[in-house]
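Participant: here is my input, please return the structure:
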Amino acid sequence: MSIEVKNLFKYYGEQAAVKDISFKVNSGEIVGFLGPNGAGKSTTMKVITGYISASSGEVSVCGMPVTLDSLDTRQIIGYLPEHNPLYLDMYVKEYLEFVGKIYKIADVKDHVSDMVKRIGLEVEQNKKIGALSKGYRQRVGLAQAIIHDPEVLILDEPTSGLDPNQLVEIRELIKTIGKEKTVMLSTHIMQEVEAICDRVVIINKGEIVADDKASTIGIDSTIQTIYVEFEGEVSKNQLNKIQSVSKVEKVHGGWLLESKESTDLRKTIAQFAQENHLLTLTLRKEEKSLEEVFKNLTKS
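Facilitator: Numbering: from 1, shown residues only. From the prediction side, this is the model:
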C-alpha cells in the first residue's frame with residue numbers, strides 16, 4: 001500500500017479542515033482527489049507529504065509513518081504544491097541542478113538534461129524562472145517533483161495555467177509516470193480526471209463523500225435513463241403509460257425516461273413509437289458525467 005490514511009483530523013484553531021477521513025491508494029494507481037474550494041484537499045495532501053502535521057489520526061507512505069521530522073518519507077515523495085514555490089531569480093537548469101543536489105543525485109547535470117527533455121523545457125532551459133510563463137513555471141515545478149524518481153507523487157493542481165496543447169502533453173506524462181509510480185492529484189478539471197485517473201475520491205466540507213473507480217463513480221446500476229426525441233407530438237401522459245417507465249421529464253426538445261427494471265427500456269420505447277406511428281429521431285442511454293456527480297455530492 002503506497003498511501004494509507006486512517007481517521008485523519010486536522011484543525012486550524014477550532015475549525016476542522018479535515019474530519020475523520022480514511023482511504024488507501026495502491027501502488028501504481030492514479031487517484032483523482034476532488035472537492036470544492038475549502039473542502040480539505042490541499043490540507044490532506046500537505047499532511048501526507050509531511051508539510052504539516054495531523055491533529056490526530058495515522059498517515060503512512062509505503063508503510064512508513066509520516067511526521068514533520070521524517071526525512072525517510074520525504075525522500076520517496078514528489079510534491080507539487082498548489083502555489084508552485086520557485087526561486088524566480090535562478091535559471092531553469094540551475095534550479096533543477098540545485099534540487100538534484102539536495103537529493104544527492106549522481107551525475108546531476110546529465111540527469112537534469114534528461115529531465116528538461118522529458119518535461120519539454122528545452123526551449124526555456126536557459127531562461128530565469130521569473131521570465132517564464134505560468135505554464136512553463138508549472139513544468140519546472142513538475143520537474144522538481146519527479147527529479148529524484150520518487151515512489152509516490154502528490155500533485156496539487158498540476159495543470160494550472162497550461163494551454164490546451166500543454167494540457168495534453170502533461171496529461172500523457174502523468175499517465176506514463178502512473179504506470180510505474182503512485183500518483184495522487186487534485187484538480188477542478190473533470191475532463192482531466194476522466195482522461196488519466198483510475199479512481200476518484202471526492203471530499204466535501206472535510207469529509208469523504210465518494211470513493212470509487214473513475215468509470216463507475218455515481219452510477220446507479222438499479223436505474224436506467226433513456227433520452228428520446230420524436231418527430232411528432234407526444235404527451236407526458238402517453239409516455240408515463242409505457243410499461244416499466246417510472247419517471248418522465250421534458251428536456252432539450254426531447255424526453256428523459258427512467259426505469260427501475262432490468263429490461264432494456266430502449267426496446268420498449270421503440271415498440272411504443274411503432275405502435276403510435278412516431279418517427280424516433282434520437283434514442284440513447286444517458287450516463288451521468290463526473291461533473292454532474294461532483295455537483296450532486298458537493299452542492300450546499
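
Participant: number of nearby residues for Val116?
Facilitator: Using other CB atoms under 10 Å, Val116 has 20 neighbouring residues. (C-beta placed from N, C-alpha, C; glycine too.)

Participant: now for the helix or strand hosting it, which elements pack on it?
Facilitator: Under the criterion of DSSP states H and E, Val116 resides in helix 108-119. Here helix 108-119 touches helix 92-102, helix 134-146, going by 3 or more CB pairs under 8 Å, 6 or more residues apart in numbering; DSSP states H and E.

Participant: what about Ile105, which SS state?
Facilitator: coil (DSSP: H, G, I helix; E, B strand; the rest coil).

Participant: is it true that it touches Ile147?
Facilitator: Yes - counting by CB atoms under 8 Å, Ile147 is a contact partner of Ile105 at 7.1 Å.

Participant: who touches both of the two?
Facilitator: Residues touching both Ile105 and Ile147 by CB atoms under 8 Å, 6 or more residues apart in numbering: His111.

Participant: neighbour-wise, which of these two wins?
Facilitator: Ile147 (23 against 18).

Participant: quick one: that one and Asp89, what's the gap?
Facilitator: Going from Ile147 to Asp89 by CB to CB, to the nearest Å gives 20 Å.

Participant: if we can go back for a sec, residues touching the helix holding Val116, excluding its own?
Facilitator: 92-93, 96-97, 100-101, 105, 121-122, 125, 139-140, 142-143, 146-147, 173.

Participant: cutoff 7 Å now
Facilitator: The contact list for helix 108-119 (CB atoms under 7 Å, 6 or more residues apart in numbering) reads Lys93, Leu96, Glu97, Gly100, Lys101, Ile105, Glu122, Gln125, Arg139, Leu142, Ala143, Ile147.

Participant: the fifth one: what's it in contact with?
Facilitator: It refers to Lys101. Taking CB under 7 Å, 6+ apart, one finds Val108 in contact with Lys101.

Participant: can you tell me how far it is from Tyr79?
Facilitator: From Lys101 over to Tyr79 the distance is 18 Å, taken as CB to CB.

Participant: how about the first one?
Facilitator: Distance, Lys93 to Tyr79, using CB to CB: 21 Å.

Participant: likewise the third one?
Facilitator: For Glu97, the distance to Tyr79 (CB to CB) stands at 19 Å.

Participant: now stretch 155-165: average pLDDT?
Facilitator: For stretch 155-165, mean pLDDT rounds to 83.

Participant: I misspoke; the intended subject was stretch 249-265.
Facilitator: Mean predicted confidence for stretch 249-265 is 90.

Participant: number of residues surrounding the residue lying closest to Ile76 once chain neighbours are set aside?
Facilitator: Distance criterion CB to CB, 6 or more residues apart in numbering; nearest residue to Ile76, sequence neighbours excluded, is Glu151 at 4.5 Å. By other CB under 10 Å, the residues close to Glu151 number 15.

Participant: pretty sure Glu151 contacts Lys181?
Facilitator: Yes - using CB atoms under 7 Å, Glu151 makes contact with Lys181 at a distance of 6.0 Å.

Participant: just the strands in the stretch 151-300 of the chain please.
Facilitator: 152-156, 182-186, 199-204, 207-213, 224-231, 245-251, 254-259, 279-285 (DSSP state E, counting those that start in this stretch).

Participant: list of residues touching the first one?
Facilitator: Pointing back at strand 152-156 there. Counting by CB under 7 Å, 6+ apart, 2-3, 42, 45, 48-49, 61-62, 76-82, 145-146, 177, 181-186 sit against strand 152-156.

Participant: which of these fall in helices?
Facilitator: Among the contacts of strand 152-156, DSSP state H puts Ser42, Met45, Ile48, Thr49, Ala145, Ile146, Ile177 in helices.

Participant: out of the residues you listed, which is most surrounded?
Facilitator: Ile48 (26 neighbours).

Participant: and that one, how close does it get to Glu94?
Facilitator: 29 Å.

Participant: equivalent analysis for Val140, please.
Facilitator: 11 Å.

Participant: more neighbours: these two, which one.
Facilitator: Between Val140 and Glu94, Val140 has the larger neighbour count (other CB under 10 Å), namely 25 against 15.

Participant: is it true that that one touches Tyr91?
Facilitator: No - at 10.4 Å, Val140 does not count as touching Tyr91 under the criterion of CB under 7 Å.

Participant: how many neighbours does Gln75 have?
Facilitator: By other CB under 10 Å, neighbour count at Gln75 equals 12.
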